[in-house]
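Asker: here is my input, please return the structure:
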Amino acid sequence: MTSGAESAMAVPGGSSPRETVEEQARRRGIRPVRSVEDMARDDVFESDEELDAFLAHVYAERHANLA
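Answerer: The predicted structure is shown next:
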């Protein structure tokens, strides 16, 4: 039996091993999010109307199948 890390690197057919997610992130210089503020941006929505439309869509989708 193999460990999770070993099985993540195993490639069917015996070709070269795949990179783990951690290796890919390290190679690309991607850092983990440490707080919500790391993701906060002022320019996500171009207008208040666009934000309102997005929030209405999210609300409708979350409540669509509740009944």
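Asker: from here on, contacts and neighbour counts on C-alpha atoms
Answerer: Noted.
Asker: run through the neighbouring helices and strands of the helix or strand Glu61 falls within.
Answerer: Using DSSP states H and E, Glu61 maps to helix 48-63. Taking 3 or more Cα pairs under 8 Å, 6 or more residues apart in numbering; DSSP states H and E as contact, there are no helices or strands that helix 48-63 lies on.
Asker: what's next to that helix, contact-wise?
Answerer: Applying Cα atoms under 8 Å, 6 or more residues apart in numbering, the external contacts of helix 48-63 come out as Phe45.
Asker: in PDB, list the C-alpha atoms belonging to that helix.
Answerer: C-alpha atoms of helix 48-63 as PDB (Å, rounded to 0.1, in the frame of the first residue of the first chain):
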ATOM      1  CA  ASP A  48     -22.600  49.300  -7.800                       C
ATOM      2  CA  GLU A  49     -25.100  48.000 -10.300                       C
ATOM      3  CA  GLU A  50     -22.800  45.200 -11.300                       C
ATOM      4  CA  LEU A  51     -22.200  44.300  -7.700                       C
ATOM      5  CA  ASP A  52     -26.000  44.400  -7.000                       C
ATOM      6  CA  ALA A  53     -26.700  42.100 -10.000                       C
ATOM      7  CA  PHE A  54     -24.000  39.600  -8.800                       C
ATOM      8  CA  LEU A  55     -25.400  39.600  -5.300                       C
ATOM      9  CA  ALA A  56     -29.000  39.100  -6.600                       C
ATOM     10  CA  HIS A  57     -27.800  36.100  -8.700                       C
ATOM     11  CA  VAL A  58     -26.000  34.500  -5.800                       C
ATOM     12  CA  TYR A  59     -29.000  34.900  -3.600                       C
ATOM     13  CA  ALA A  60     -31.300  33.500  -6.200                       C
ATOM     14  CA  GLU A  61     -29.100  30.500  -6.800                       C
ATOM     15  CA  ARG A  62     -28.700  29.700  -3.200                       C
ATOM     16  CA  HIS A  63     -32.500  29.700  -2.700                       C
END
